[in-house]
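Asks: Just to be clear, the model below is a prediction. Sequence and coordinates:
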Amino acid sequence: MNSSEGQYSVRRMKLEDVEQVHQLDVISFSLPWPERSFRYELTENPSSRMWVVETTGETGERVIGMLGLWMIVDEVHIGTLAVQTDYRRQGIAQRLLITSLLAACSEGATKAYLEVRRGNQAAQALYTKFGFKNTGIRPRYYSNNGEDALMMTLDPMLAKDLARFIER
């Protein structure tokens, strides 16, 4: 895939990505994960599936997106998804989401869950585009400001339904 800086690709996160991923998390969220959490997910949590989008261009390799999810039996729980500010609205989050969900389908996942801030309309639109439905509210879920989280569910999660987004 192409970006304004050069080529980019979606791949599984490696330990050497943690510093860049943590920096992305800090600039993207008011409640970022500690850097050690990303290391834990990569090295100690067998349920964890961490993904990055990396660009390669004149400035070298750079992580421009990340997604973390957990596989629990046949369920996926998406824990985090972020794209660098200057790369948003270029289909990168969509590609990252599709790649990770298709990989989860190949491991036997049949449904996916996530929480999203009530005020994050852009993220809600992305998830809705893929078939996620609002299934509940977690009142005052976010500790920094008491904002509610919307619970969203994709059930059933079928590879054939997700694959049609790759060609777009």
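Replies: In hand now; what should we look at?

Asks: leaving aside the residues next to it on the chain, what's closest to residue 132?
Replies: residue 152 (4.1 Å; Cβ to Cβ, 6 or more residues apart in numbering). C-beta here means a position set from N, CA and C on the backbone, and glycine is covered the same way.

Asks: how far away is the one you found from residue 15?
Replies: Relative to residue 15, residue 152 is positioned 30 Å away (Cβ to Cβ, to the nearest Å).

Asks: In terms of neighbours, single out the busier of those two.
Replies: Using other Cβ atoms under 10 Å as the criterion, residue 152 and residue 15 rank with residue 152 on top: 22 against 10.

Asks: which residues does that one contact?
Replies: 113, 114, 115, 116, 124, 127, 128, 132, 133, 134, 135 (Cβ atoms under 8 Å, 6 or more residues apart in numbering).

Asks: Report the helix or strand with the lowest average pLDDT across this protein.
Replies: strand 6-12 (a mean of 86; mean pLDDT, DSSP states H and E).

Asks: starting at the chain centroid, how far to that strand?
Replies: Centroid separation for strand 6-12 versus its chain: 14 Å, with Cα atoms, centre = their mean, to the nearest Å.

Asks: Begin at 795 from now on, thanks
Replies: Fine by me, first position is 795 from now on; the one you just mentioned is strand 800-806.

Asks: what mean pLDDT does whichever helix or strand comes after that strand have?
Replies: Remark: after strand 800-806, the chain's next helix or strand is helix 812-822, criterion DSSP states H and E. Regarding helix 812-822, the rounded mean pLDDT is 96.

Asks: what about the longest strand in this protein?
Replies: strand 854-866 (DSSP state E).

Asks: Pull the distance from it to the chain's centre.
Replies: The mean C-alpha position of strand 854-866 is separated from the chain mean by 7 Å, Cα atoms, centre = their mean.

Asks: So what are the sheet partners of it and their directions?
Replies: According to DSSP bridges, strand 854-866 forms sheet pairs with strand 842-851 (antiparallel), strand 869-877 (antiparallel).

Asks: who wins for proximity to residue 824 among those?
Replies: strand 869-877 (12.1 Å; Cβ to Cβ).

Asks: what angle separates whichever helix or strand comes after the closest one from strand 854-866?
Replies: Stepping forward along the backbone from strand 869-877, the first helix or strand reached (DSSP H and E) is helix 886-900. Orientation check (axes from the mean of the first three to the mean of the last three Cα atoms, to 10 degrees): helix 886-900 against strand 854-866 gives 40 degrees.

Asks: that older thread, nearest to residue 863, of the contacts of residue 946?
Replies: For the contacts of residue 946, the nearest to residue 863 is residue 908 (8.6 Å; Cβ to Cβ).
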